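1. Here's a sequence, model it:
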Amino acid sequence: MDDQKRTILIIDDEEPIRKVLNTHLTKEGFNIILSAGGSGIFDTLSQNSYDLVICDITMPEVSGIRVLEYVKQTFEIVPVIMLTGLTDINIAIDVMKKGAFDYLMKPIKKDDLMNIIGKALVHRDLLMRNKELELENREYQNFLEQKVRERTKELNAKAMELQKAYGLLKSMNIQFVNVLAETIEAKDHYTRGHCNRMRHLCVELGALAGLSPEELEILEYASLLHDLGKIGVNEAVLNKEGPLTEEECCHIKEHTLIGEKILQGIPLMESVAKIIGAHHESFDGAGYPRGLKGTEIPLSARIISVADLFDAMSSDRPYRKGLPLDVVLEEMRRVSGTQLDPEIVEIFISNRVHLLQKETELK
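-> The predicted structure follows:
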């Protein structure tokens, strides 16, 4: 038996039974409380604490069944051993269904009594430990949930800080890229505003083409810097009012590779460099500098090619005035599938992306 002194409540209307049980169990080291039952039994049960209840089934005033129901409802882990002088098996089955731990037939044999009490107390201790573990588990769960809430709050705050920092960095990047774009346009007086118009056209067209936010950001930089390589082109050639010689055309074509080379090795600009280097490739493979074809050309470069052709034809140039919209769109349709990606041309025309040029000019 457990070394801890246990308290057992014995309820029986027969005094001899109470005395016999009291004698046996006291000698075994238990603290015994005796009750004859009756209407005061519920006060007795509520005013004391017990490790085990032994109760007769058949008693006047208050039956053992009512005592059993009260104990199971009020003291969840306290086992109840029922005593009966009857041999009716149905009664035994009934008390077991109602929650009795076990039952004993009168006259009671001491060995049987001690055996059942031992099992009942082990059962009670297991229930007690289980409740303790449940409590510990709930407390630990609450602790974890609190930690998760605190950590989530910290991560949300950090995410907001990072978002603000990223927004500031992007703003600084855009400002830096705009400065470079203005530097480009300072060499070519007839393309002033071209980079900014390209930015709006390309971002709109890229969104319609299904580019992700990250891809749109790269496209935005590439559209502003697509002519970066013109820094290395002779200004006299850029601003020449007459037709260019073959040598001068070759010189201007170098700007794609020059722009690509300038940005190579700069963090966050590697993808932009590849797009810039390919923005004069043709869909049919007849473009420059590498003769890429179809999907070999980065999608963002194909988008820039469409927007670039539209803006170049719509704007004034040293050798001509800007062309009417219907003429420009007809030319875009004509070179669709050869110079330009036909899907991007269709997106541009069907969604009237060209209207952005007017909106940009009004800002």
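
2. For S350, give its distance to L208.
-> 9 Å (Cβ to Cβ, to the nearest Å). Every residue, glycine included, has its C-beta placed from N, CA and C.

3. for the stretch 51-200 of the chain, which spans come out with low pLDDT?
-> Applying pLDDT under 70 to the stretch 51-200 of the chain flags the ranges 87-88, 165-192.

4. That one: helices as residue ranges?
-> In the stretch 51-200 of the chain, the segments counted as helices under DSSP state H, counting those that start in this stretch are 64-74, 89-97, 110-187, 194-208.

5. from those, which stretch is densest packed?
-> When the helices of the stretch 51-200 of the chain are scored by mean count of other Cβ atoms under 10 Å, the highest mean neighbour count falls to helix 194-208 (a mean of 22).

6. Can you check what angle separates that one from helix 110-187?
-> Per axes from the mean of the first three to the mean of the last three Cα atoms, to 10 degrees, the angle that helix 194-208 makes with helix 110-187 is 150 degrees.

7. Output the contacting helices and strands for helix 194-208.
-> With contacts defined as 3 or more Cβ pairs under 8 Å, 6 or more residues apart in numbering; DSSP states H and E, helix 194-208 has these neighbours: helix 110-187, helix 213-225, helix 299-314, helix 342-350, helix 355-362.

8. Need the ones you listed in a markdown table (columns: distance to M96).
-> Output for the helices and strands packed on helix 194-208, formatted as a markdown table (distance: least, Cβ to Cβ, whole Å):
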| stretch | distance to M96 |
| --- | --- |
| helix 110-187 | 13 |
| helix 213-225 | 67 |
| helix 299-314 | 76 |
| helix 342-350 | 78 |
| helix 355-362 | 83 |
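
9. The residue of the chain positioned farthest from its centre and L83, how far apart?
-> The C-alpha centroid of the chain is most remote from P16, which lies 70.8 Å away (Cα atoms, centre = their mean). P16 sits at a distance of 13 Å from L83 (criterion: Cβ to Cβ).

10. Ok, K27 next?
-> Distance from K27 to L83, by Cβ to Cβ: 19 Å.

11. So for these two, which sits in the more crowded spot?
-> For the pair K27 and L83, the greater number of neighbours falls to L83 (23 against 9), based on other Cβ atoms under 10 Å.

12. Quickly list what that one is bridged to.
-> D56, L104 (DSSP bridges).

13. Please list all residues in contact with it.
-> Contacts for L83 (Cβ atoms under 8 Å, 6 or more residues apart in numbering) come out as D12, I17, I54, C55, D56, I57, G64, Y103, L104, K106, I108.

14. Ok, D284 next?
-> Contacts of D284 (Cβ under 8 Å, 6+ apart): K293, G337, T338, Q339.

15. Nearest the geometric middle of the chain, what residue?
-> Centroid check for the chain by Cα atoms, centre = their mean gives T152 as the closest residue, at 11.3 Å.

16. Next one: it from D12, what distance?
-> Taken as Cβ to Cβ, the span from T152 to D12 is 60 Å.

17. Please give the element, helix or strand, for I32.
-> Using DSSP states H and E, I32 sits within strand 31-35.

18. scratch that, G277
-> helix 270-278.

19. neighbouring contacts of that helix?
-> Counting by Cβ under 8 Å, 6+ apart, 218-219, 221-222, 225-226, 228-229, 256-257, 259-264, 266, 289-290, 292, 297-298, 300-301, 304 sit against helix 270-278.

20. Likewise for stretch 99-108?
-> 17, 20-21, 57, 68-69, 72, 79-85, 87, 92, 95-96, 112-113, 116, 119-120, 123.

21. quick one: Y221 from C202, how far?
-> In terms of Cβ to Cβ, Y221 sits 10 Å off from C202.
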